[in-house]
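1. turn this into a model:
(one chain, ligands or ions: 1)
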Amino acid sequence: MKPTKIADGVYEVGVIDWNIRDFHGYSTDRGTSYNAYLVIDEQVALIDTVKAPFADQLIANISQVIDPEKIDVVVSNHTEMDHSGALPRIMQRVGEDKPLYCSKMGARNLASHFTNPWNYHPVKEGETLSLGKRSLTFMETRMIHWPDSMFTYLNEDRILFSSDGFGQHYAGFEKFDDQAGADLMEQAKKYYANILLLYAPRILKLIEKVAASGIQIDMICPDHGVIWRKDPGSIIDAYLKWSRQEPEQKAVVVYDTMWKSTETMANAIAEGISSTGVMVKPIHIRSSHRSDIMTDVLDAAAVVMGSPTLNNQMFPTVADVLVYMKGLKPVNKIGGAFGSYGWSGEAVKLVAAELEAMKFRMIEAGPRLQYVPEEAGIAACIEYGKMIGQAVKAG
Ligand SMILES: Cc1cc2nc3c(=O)[nH]c(=O)nc-3n(C[C@H](O)[C@H](O)[C@H](O)COP(=O)(O)O)c2cc1C
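-> Just a heads-up that it's a prediction; the model follows:
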């Protein structure tokens, strides 16, 4: 693919992975890209690489701009293999003795992934590397989202190479925010909800720290998806909003069902919520991917989970969503649980206990109906929905 010039002497040379649909369990319905950046000055720097199978494509892209052997410095902002997998091939081409800049944890983690004796140059927070007329400054961003994560800032051009921060799984020839389709922000939100939400407090601190430092950011270049050049402030503002976990007037009713009784209940609860004027989305777990469910959970004020009882347990797919959600640490949520059962009916209590463990504010004991819901049961579900809707409105 033709490299994209993003500023004088600065190129995006990464690759597009059009066909990936499962990215370590995240559903990448729009594919993704692995971005890598070339900064050409008296010294030439390559910032990040790509997933191993795309190494040859990366080398071919770099070669359209400069002979890879002319690269003086390689920077690894993040060890995860979608950005480091091509390092062995790259270092072979660039020269195994060339300095490999990374965080302290990066040097450790890269050594746990690759046995090559590379010339690691672990950087200190704020360390600057002169390339000639321009310079790179390294910012530690530990646990956003791995221990090794860092950002690299090109001072003179005010460009932030933000690794996985501000990224989106978005494949396209459109390389910039002003060229991308209408779903760009939704993809950025999905990325945040599934990869970064659990680090929300750190992200808030980082944004505050960068704002306080007075650093100006004209462009944000993440390692996935499009570059924010027109309005980098829009994605920073979105990160602030998502990190504060300010809920919208919105509820999700997430459920699974074997014979549709729990589904009938879910729809009645959703009807009750909707009647209060709160936006609501019933989500059948096996018709949605957990990463899409999490995207809806991110800004929902209420999460109501429904499960039938199966062999004295909650339904396994409900457990899957609960475990996934718990790991991502959503906060400021109202919780609810409901479900149909046959004889012992443990599921609702088990689901409620999981939501309580996540510190969701639970709204009374949710409806638990035996077998197929009758009129009175459906009415109880509508009432329960109204209670949830009112709680959402009350904040
Ligand atoms: C394989 C199987 C195992 C079940 N195990 C239990 C159980 O242990 N306890 C219980 O109360 N109900 C059990 N049930 C009954 C269901 O919970 C009941 O049929 C319920 O109405 C199903 O709700 P649904 O239509 O939303 O799937 C079981 C049903 C099936 C099919």
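2. please parse the chain into its domains.
-> Following automatic domain parsing, one finds the domains of the chain at 4-244, 251-394.
3. make CSV out of those and add mean pLDDT.
-> Formatted as CSV, those follow (pLDDT from 0 to 100):
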stretch, mean pLDDT
domain 4-244, 96
domain 251-394, 98
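4. out of these, nearest to the ligand?
-> Smallest distance to the ligand across the domains of the chain (C-beta to the nearest ligand atom): 3.0 Å, for domain 251-394. Where you see a C-beta, it was placed from the backbone N, CA and C, and this is true even at glycine.
5. does the ligand sit close to the closest one?
-> Yes: using C-beta under 6 Å from any ligand atom, domain 251-394 reaches the ligand at 257-262, 308-312, 340-345, 371.
6. so which of those residues belong to strands?
-> Members of the residues of domain 251-394 next to the ligand lying in strands (criterion: DSSP state E): 309-310, 340-341.
7. buried subset of the residues of domain 251-394 next to the ligand?
-> Neighbour counting by 16 or more other C-beta atoms under 10 Å classes 257, 261-262, 308-310, 340-341, 345 among these as buried.
8. from F176, how far off is the nearest residue to I220 once chain neighbours are set aside?
-> Computed as C-beta to C-beta, 6 or more residues apart in numbering, the closest residue to I220 that is not its neighbour in sequence is W228, at 4.2 Å. Noted for W228: a distance of 8 Å to F176, by C-beta to C-beta, to the nearest Å.
9. tell me which of these two has more neighbours.
-> Neighbours per residue, other C-beta atoms under 10 Å: of W228 and F176, the larger number sits with W228, 27 against 15.
10. surely the more buried one touches Y239?
-> No: W228 is not in contact with Y239 according to C-beta atoms under 8 Å; the separation is 10.9 Å.
11. what do the two both touch?
-> Common neighbours of W228 and Y239, using C-beta atoms under 8 Å, 6 or more residues apart in numbering, are F166.
12. quick one: the strands in the stretch 201-350 of the chain, in order.
-> Per DSSP state E, counting those that start in this stretch, the stretch 201-350 of the chain carries strands over the ranges 219-221, 250-255, 279-284, 302-306, 309-310, 313-314, 334-341.
13. of those strands, which stretch is the most buried?
-> The highest average neighbour count among those, using mean count of other C-beta atoms under 10 Å, belongs to strand 302-306 at a mean of 29.
14. tilt between the longest helix seen in the chain and strand 279-284?
-> For the chain, the longest helix by residue count, based on DSSP state H, is helix 375-394. If you take axes from the mean of the first three to the mean of the last three C-alpha atoms, to 10 degrees, helix 375-394 sits at 130 degrees to strand 279-284.
15. would you mind pulling up the elements that helix 375-394 packs against?
-> Helix 375-394 sits against strand 250-255, helix 261-275, strand 302-306, strand 334-341, strand 368-370, with contacts defined as 3 or more C-beta pairs under 8 Å, 6 or more residues apart in numbering; DSSP states H and E.
16. now do the end-to-end distance for stretch 328-340.
-> This stretch, stretch 328-340, spans 28 Å end to end (C-alpha to C-alpha, to the nearest Å).
17. which residues touch stretch 254-271?
-> Here stretch 254-271 makes contact (C-beta under 8 Å, 6+ apart) with 251, 253, 280-286, 293, 297, 303-308, 310, 315, 317-318, 321, 336, 338-340, 367, 369, 371-373, 377-379, 381-382, 384-385, 388.
18. same thing with stretch 322-332?
-> Here stretch 322-332 makes contact (C-beta under 8 Å, 6+ apart) with 193-194, 197-198, 200, 245-247, 290, 293-294, 297-298, 301, 303, 305, 314, 351, 354-355, 357-359.
19. with stretch 312-320 instead?
-> For stretch 312-320, contacts defined as C-beta under 8 Å, 6+ apart pick out 254-258, 285-286, 290, 305-308, 310, 322, 339, 344, 346-347, 350-351.
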